[in-house]
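S.K.: here's my sequence, what's the structure:
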Amino acid sequence: EREREGERAATHRHRTPLRTHSGSGGTMFSWVNKEQGGRNKDGEMFQTVTEGLQSLYLKKLLPLEETYLFHDFHSPALEAADFQSKPMVLLVGQYSTGKTTFIRYLLEQDFPGMRIGPEPTTDCFIAVMHGENEGVIPGNALVVDPKKPFRKLNAFGNAFLNRFICSQMPNQVLQSISVIDTPGILSGEKQRLSRGYDFAEVLRWFGERVDRIILLFDAHKLDISDEFSEAIRAFRGQDDKIRVVLNKADQVDTQQLMRVYGALMWSLGKVINTPEVVRVYLGSFWAKPLQNPENRRLFEAEAQDLFRDIQGLPRNAALRKLNDLIKRARLAKVHAYIISHLKKEMPALFGKESKKKELISKLPEIYLALQREHHISPGDFPNVTKMQEQLEHYDFGKFPALKVKLIESVDKMLANKISGLMTMIREEESRQPAQAVSGGAFEGSQDGPFGHGYGEGIGAGADAEDWIVSRDKPKYDEIFYALGPVNGRVSGINAKKEMMSSRLPNTVLGKIWKLADCDRDGMLDDEEFALAQHLIKVKLEGYELPAELPSHLVPPAHRKDAGFDSHVNHEQH
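M.R.: Reported below is the predicted structural model:
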């Protein structure tokens, strides 16, 4: 009896949450945790959003998942490393589309285990991660490391683990993100060869845990093979994470590139069943000269967009984990309703096997009934065909009945606790410096003359000794004097007629007027008028206008105008 008492006390101690007392700096975040039955407990303290997410999962969601066999049907239980890991980027594509080269391009460094070639060279999953010492950790050792978020991959067996390695090295980019390289997806006869493990299921496992999924296509290889289609379908429900890269786009000319892009969008529309258009980045993602430089500006702009997208991952990591936890909670609730419904419909004694077959065949109708009964969206339900296949192996009589308290606990978490975590995320963001991926290719072209857009549009002439507008001023002067200036100035009404001939909207022309009227007298002299024409030209060429006029565009006659300088400073404040 004493031993049992001791066990109960130990269990109680184990279950009692650690309470952290906030220091004088007030850096702790907290909210009052109201348990079921209306009993108010002490306010639980969480130092970070990650800690809060982990606590909610263990206390609220995990009991529901364990009760209704969620881990057998859908996804293994989450561990501490899943909450604490760095943002991950998963690269998927057919062989020789440039996945490994893309990683090397980002890191600007070879990584251990890297192999590149036109044939299917990368034959394993490689997790490229930061480590003080360069080296390779084999899969079997990787899945027993509690600090790495890969322990649950153990379920895929030796055939997979022999094809899974972690490549560690000191690299600045990898301090912020980890990258997962995947085997080249096969096409034609090659895809009939078995890999020895469920490739699509492994991709689905990674898809649920990564922050960004990048599908790579080669401008010369647009066909989506059966294995690639299956791989993309494995990311069902993760559409917000998917981005597409059309690599090697410099190997075709502009006309062919338009056709290739159209064909790619058509092919993707057949596989990714969403009405929204997926974001496609065009470019040549390796450090070699462009074969067709005519689209250089387009490729530079696309590369900068993709870099910005990847750089924002650490900043949004907590929000992504919160989003994934909400998705998981919704699926776990639906799964509980399905399992408990099947249990309720089973007979007590006879005809169990025939009733089981009937229920499996009627699963689509059961889905519809549950949608109506519990007001659940059809998109929250798991794939019906896959669910039917899995249910064949279970005894429905042993399924648990519906436990309302477990469902209510998850509902309360979604309704109350999640909003508290959202507030914490915003507070953390405001307290911490903005995180962004740096190093490697991310450093290469941000500043200096090779920065994107440097010396173009509004930045043209920044390094020139002369006023750039003066180069076209004789042409602008002809228009100016044709408008009949009085005392060397044209009125707003006369200037408006000429400016409106550009067909730009009034909102844009109004901004141009404010930028060009340096002395704010409601009229334009010849230099101000020339500046207005220059800004119209910049806008018509597709560039953005600045909020304030850069110093190199200020007309020479107005540069000593103290009034102008003070006005600009006043505007900025």
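S.K.: show me where the stretch 1-150 of the chain has helices.
M.R.: Using DSSP state H, counting those that start in this stretch, the helices found in the stretch 1-150 of the chain span residues 2-15, 49-56, 62-67, 70-73, 80-84, 99-107, 139-142.
S.K.: pick the most deeply packed of those.
M.R.: Highest mean neighbour count of these: helix 99-107, a mean of 23 (counted as mean count of other Cβ atoms under 10 Å). The way it works is simple: take the backbone N, C-alpha and C, and place the C-beta from them, glycine included.
S.K.: what is that one packed up against?
M.R.: Secondary-structure packing of helix 99-107 (3 or more Cβ pairs under 8 Å, 6 or more residues apart in numbering; DSSP states H and E): strand 88-93, strand 178-181, strand 212-218, helix 441-444.
S.K.: swap in 10 Å and give it another go.
M.R.: For helix 99-107, the packing partners by 3 or more Cβ pairs under 10 Å, 6 or more residues apart in numbering; DSSP states H and E come out as strand 88-93, strand 125-130, strand 178-181, strand 212-218, strand 242-247, helix 296-311, helix 441-444.
S.K.: make CSV out of these and add mean pLDDT and mean neighbour count.
M.R.: Converted to CSV, these look like this (pLDDT from 0 to 100; neighbours: other Cβ atoms under 10 Å):
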stretch, mean pLDDT, mean neighbour count
strand 88-93, 92, 24
strand 125-130, 92, 23
strand 178-181, 93, 24
strand 212-218, 91, 23
strand 242-247, 91, 22
helix 296-311, 88, 17
helix 441-444, 67, 17
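S.K.: got a markdown table for these, with distance to Lys344 too?
M.R.: Output for these, formatted as a markdown table (distance: least, Cβ to Cβ, whole Å):
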| stretch | distance to Lys344 |
| --- | --- |
| strand 88-93 | 40 |
| strand 125-130 | 42 |
| strand 178-181 | 42 |
| strand 212-218 | 38 |
| strand 242-247 | 38 |
| helix 296-311 | 47 |
| helix 441-444 | 55 |
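S.K.: closest one to Ile232 among the ones you listed?
M.R.: Comparing those against Ile232 with Cβ to Cβ, the closest turns out to be strand 212-218 (6.9 Å).
S.K.: buried residues in whichever helix or strand comes after that closest one?
M.R.: Counting by DSSP states H and E, the element after strand 212-218 in chain order, helix or strand, is helix 226-233. Neighbour counts over helix 226-233 (16 or more other Cβ atoms under 10 Å) mark Glu227, Phe228, Ser229, Ala231, Ile232 as buried.
S.K.: related to what we said a few turns ago, need the helices of the stretch 1-150 of the chain in CSV (columns: distance to Trp286).
M.R.: Output for the helices of the stretch 1-150 of the chain, formatted as CSV (distance: least, Cβ to Cβ, whole Å):
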stretch, distance to Trp286
helix 2-15, 53
helix 49-56, 35
helix 62-67, 43
helix 70-73, 41
helix 80-84, 32
helix 99-107, 5
helix 139-142, 28
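S.K.: for those helices, give me TSV that also has distance to Pro364 and mean pLDDT.
M.R.: Putting the helices of the stretch 1-150 of the chain into TSV (distance: least, Cβ to Cβ, whole Å; pLDDT from 0 to 100) gives the following:
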stretch	distance to Pro364	mean pLDDT
helix 2-15	41	46
helix 49-56	33	84
helix 62-67	24	91
helix 70-73	17	90
helix 80-84	33	83
helix 99-107	38	88
helix 139-142	38	90
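S.K.: closest one to Lys270 among these?
M.R.: Closest approach to Lys270 among the helices of the stretch 1-150 of the chain is made by helix 99-107 (22.2 Å; Cβ to Cβ).
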